[in-house]
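Chemist: structure for this input, please:
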Amino acid sequence: MKNRVLASLETPDGDRCVDLFRRPDGSFGFEIYRRDTEDLTGWFAIGGHVHKPYATQDQARQAAARLAPWLDT
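Modeler: Modelled structure (predicted):
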C-alpha cells in the first residue's frame, strides 16, 4: 500500500508545497516539494522528511510548519 495524501498545501505563488499523509501503518508524515515553472516535469521532494513518523496528523502539520513558513498552524 501507498501513503494516502490528506492535504497538499501550496505557497501562494505555487512553487512550494507540503503534502501531509497517512501511512498504511496508521502513522502520519509530511514532505516538502518544489517545482520550477520553467520545468514541466512536476514536483521534486526537497525536504527528506518522508520517513519520520508522527502519531497524529496535527503533529505532522506542526512539524512541517516549523520548516514551511507558509503553513498556518
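Chemist: what's the helix-or-strand element of the chain with minimal mean pLDDT packed up against?
Modeler: Across the helices and strands of the chain, mean confidence by mean pLDDT, DSSP states H and E is lowest for strand 44-45: a mean of 91. Judged by 3 or more CB pairs under 8 Å, 6 or more residues apart in numbering; DSSP states H and E, strand 44-45 is in contact with strand 28-34. (Glycine included, C-beta is placed from N, CA and C.)
Chemist: which residues belonging to the strand it packs on are considered buried?
Modeler: Buried residues in strand 28-34, counted by 16 or more other CB atoms under 10 Å: F28, G29, F30, E31, I32, Y33.
Chemist: could you give the mean pLDDT of it?
Modeler: The average pLDDT for strand 28-34 rounds to 96.
Chemist: just list what that strand packs against, helices and strands only.
Modeler: strand 16-22, strand 44-45, helix 57-67.
Chemist: give me the angle between that strand and strand 16-22.
Modeler: 160 degrees (axes from the mean of the first three to the mean of the last three CA atoms, to 10 degrees).
Chemist: ok now strand 28-34, how far from the chain's centre?
Modeler: Computed by CA atoms, centre = their mean, to the nearest Å, the separation of strand 28-34 from the middle of its chain amounts to 2 Å.
Chemist: mind checking how far the residue lying farthest from the centre of the chain is from D15?
Modeler: Relative to the centre of the chain, and counting by CA atoms, centre = their mean, the farthest-placed residue is E38 at 21.9 Å. Taking CB to CB, to the nearest Å as the measure, E38 falls 11 Å from D15.
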